[in-house]
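Novice: Sequence plus predicted model, see below.
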Amino acid sequence: MFEFRDLFQWDRFITPTIIKTFYWLVIALIVLSGLSGIFSGLALMAVSPFGGFITILLSLAGVLVGIVFSRISAEFILIVFRINEHLGAIRDQGAMR
């Protein structure tokens, strides 16, 4: 976890810690929008059963794609920060010689 004083110092990045929180917030929003799409599909079934069924299927597919895409995005951000840490360690090793 990060401390409050880390917000005012540039020795340590806070994004890798915060990205996990944002990931779970995005997952919650994806699930809520998926549920909204499912309920819209159920309401649409009263008018057009086939259209409602397609809407429900697209909502479920959207939830799955959204979860996978958000995970890939969060991992990409974490990988960039990890690369930065490793490059800093390599730089520090070279400076000691």
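Specialist: Thanks, I have the structure now.
Novice: wait, doesn't Leu78 sit right on Thr17?
Specialist: No. Look at Leu78 against Thr17 with Cβ atoms under 8 Å: they stay out of range, at 10.3 Å. Glycine gets a C-beta too; all of them are placed from N, C-alpha and C.
Novice: Neighbour count for the two, which is higher?
Specialist: Per other Cβ atoms under 10 Å, whichever of Leu78 and Thr17 has more neighbours is Leu78, with 15 against 12.
Novice: OK, contacts around the more buried one?
Specialist: The contact partners of Leu78, by Cβ atoms under 8 Å, 6 or more residues apart in numbering, come to Pro16, Ile19.
Novice: Enumerate every residue touching the closest residue to Val63 other than its chain neighbours.
Specialist: Leaving aside its sequence neighbours, Val63 sits nearest to Gly34 (Cβ to Cβ, 6 or more residues apart in numbering; 3.6 Å). Shown here is Gly34, whose contacts under the criterion Cβ under 8 Å, 6+ apart are Ser59, Leu60, Gly62, Val63, Gly66.
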